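> Pasting the sequence and the predicted coordinates here, then a few questions.
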Amino acid sequence: MTLRHLSAFFLVPSLVVCASVTTSAQDAPRTAWGQPDLQGVWDFRTITPMERPTGRADQTFLTDEEAANLGQEAVDRDVTLANRPAQRTKVDPTGNVDRGADGAPGSYNQFWFDRGTSVITTQRTSLVVDPPDGRIPPLTPSAERHRAALAEAREGTGPHEPTPGGWVEDLGSNGLQARCITGFNSGPPMTPGGYNNNFLVLQTEDYIVMLQEMIHEPRIIPLDGRPSVDERIRLWMGDSRGRWEGDTLVIDVVGFNDLTWLDWPGWFHSNEMRVEERFTRVGNTLRYEVTVHDPSILIQPWNMDSRVLQLNQSLATYLEDPPCLDFDSAHMVTRERG
């Protein structure tokens, strides 16, 4: 399989096949060597927010009606934005081009966005389930001082601009992302975002490879019990090591540097952060659970809900020569069409 194949793989619009969820991981397909087969393209988009909205502070779960209404609102939003007249991108006073008027995309045409139109299957009001309030835990006192100092240093600076006198570590939550170096939703941990919410899993007996659609970031994860890299080596996506606990793939990630931010809004972390991911295939779904430890930044660990990721069956065949199609041309802003 070549990178050309993978590029073609990810350029095809996403179509999720919502297969029925079986009740046991024993029903998952298996590799020739007996492990659960996790291979394929998995879709983790959802409109469920990372943190519980303040307006639902005392509500852990949505009702069926609320979940349906939120889904319909997402569908209506996408239709409205897709059908509105083309608008030329404008730079706001801070230098940001990520948001246009009335919620329209600024940096990209609406066609490229793929936010999802449904909440997670548990209908929780947030992806964070622990702490029980559904919010990322508070910062430690030292981390709060760091946040305040960074905010003061960046006052009046646009989200894509470096802090005066700074470089990578002072670019803020959008710095590395805006330059497509790393970040956004690719993780670890993986968090849903506005687009590129797919990842490809390749598998051998000794390795798992996860290729993120976002920024095409690969993770090559040994399964042979080797130790992590020397603690003096710090990596953008950390150093991942996998193991099987029954039919669940457990990935421990350490060795992060402290230059990246988590998720789109941006939660900074230390180089002591540890992430545990758990993947369990059940039929044509993949259950994904996350625990994040960062004791020098957060007063306690936090957990993300066991999300059900869908196998993107429409992308099961690689295209050798994918057709070049002019999608949504009526709404594209070009030199000829302002």
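Arrived safely, thanks for sending. Numbering: from 1, shown residues only.
> hey, where'd the strands end up in the protein?
Secondary structure of the chain (DSSP state E): strands located at 40-43, 128-130, 198-203, 207-212, 218-222, 239-245, 248-254, 261-262, 267-268, 274-282, 285-293, 302-311.
> Give me the below-cutoff pLDDT ranges for the stretch 151-300 of the chain.
For the stretch 151-300 of the chain, residues meeting the criterion pLDDT under 70 lie at 158-160, 165-175, 178, 263-266.
> any idea which helix is longest in this structure?
helix 64-83 (DSSP state H).
> any idea how far that one is from the chain center?
21 Å (CA atoms, centre = their mean, to the nearest Å).
> mean confidence for it?
Helix 64-83 shows an average pLDDT of 91 in the prediction.
> Check which residues of that helix are buried.
Using 16 or more other CB atoms under 10 Å as the burial criterion, the residues of helix 64-83 that qualify are 67, 70, 74, 77-78, 81. To be clear about C-beta, it is placed using only N, CA and C from the backbone, and glycine gets the same treatment.
> Kindly report the same for stretch 34-41.
Neighbour-count burial for stretch 34-41 [16+ other CB under 10 Å]: 35-36, 38-41.
> For these, could you give me TSV that also reports distance to residue 215 and pLDDT?
Formatted as TSV, the buried residues of stretch 34-41 follow (distance: CB to CB, whole Å; pLDDT from 0 to 100):
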residue	distance to residue 215	pLDDT
35	28	94
36	28	95
38	21	95
39	21	93
40	20	92
41	16	91
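> Out of these, flag the one nearest to residue 54.
The nearest member of the buried residues of stretch 34-41 to residue 54, counting by CB to CB, is residue 41 at 35.0 Å.
> so the closest one makes contact with residue 197?
No - under the criterion of CB atoms under 8 Å, residue 41 makes no contact with residue 197, lying 10.6 Å away.
> How about stretch 116-136, which residues are buried there?
For stretch 116-136, by 16+ other CB under 10 Å, it's 116-129, 131, 134-136.
> What is the end-to-end distance of that stretch?
Start to finish, the residues bounding stretch 116-136 are 22 Å apart (CA to CA, to the nearest Å).
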